[in-house]
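Colleague: with the input below, show me the fold.
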Amino acid sequence: MEFYTNVVFNAQSGTNYNMVRIVYGSAFSDASVVKIRDLQVFRPVCYLNNQRIRLCTIDTTNKHITMSFLFGLAVNTRYHLKVSILDSRNADINGFLPTAAVSNIVLMYKRS
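Modeller: Numbering: from 1, shown residues only. All right, here's what the predicted structure looks like:
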């Protein structure tokens, strides 16, 4: 989706963050983060202007997404925004393959 700014977001530092909160309706489904040992399932992943947002949370009760970031944004500018819920158990829906699956790859070579 696109995010359009109507105010200036100056670059911040330390613990002072810019914050964007997006309210989403009931047409979208969501899932709370589940922790299985050290694996986080349904973890939110956000990108703003092709930069990964480290502090991205989804409030499933109040139905809003909050992104906190340090970089600045110009006024009256459209930025690309991507929000996903990562299911790290499933590579087909924005997840990734577990290490065990990758280690089963066998490379064959022939010496000439």
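Colleague: wait, V83 sits on R52?
Modeller: No - counting by C-beta atoms under 8 Å, R52 is not a contact partner of V83; they are 11.8 Å apart. All C-beta atoms are positioned from the backbone trio N, CA, C, and that covers glycine.
Colleague: joint contacts of these two?
Modeller: 45-46 (C-beta atoms under 8 Å, 6 or more residues apart in numbering).
Colleague: who has more neighbours, those two?
Modeller: The residue with more neighbours, out of V83 and R52, is V83; 18 against 11, by other C-beta atoms under 10 Å.
Colleague: and N62, how many neighbours?
Modeller: 9.
Colleague: quick one: the closest residue to I53 other than its chain neighbours from G25, how far?
Modeller: Once flanking residues are discounted, I53 sits nearest to C46: 4.1 Å by C-beta to C-beta, 6 or more residues apart in numbering. Going from C46 to G25 by C-beta to C-beta, to the nearest Å gives 18 Å.
Colleague: so between these two, which is more surrounded?
Modeller: Ranked by neighbour count (other C-beta under 10 Å), C46 and G25 place C46 first, with 23 against 6.
Colleague: for that one, what is the enclosing helix or strand?
Modeller: strand 39-48 (DSSP states H and E).
Colleague: which SSE is immediately downstream of that strand?
Modeller: Going down the chain from strand 39-48, the next helix or strand is strand 51-53, by DSSP H and E.
Colleague: after that following strand comes which helix or strand?
Modeller: Once the chain leaves strand 51-53, the next helix or strand it forms, by DSSP H and E, is strand 55-59.
Colleague: and that following strand, average pLDDT?
Modeller: Here strand 55-59 scores 86 as its mean pLDDT.
Colleague: number the residues from 9 up from this point.
Modeller: Okay, residue one is now 9; in that scheme the one you just asked about reads as strand 63-67.
Colleague: perfect, that will be all.
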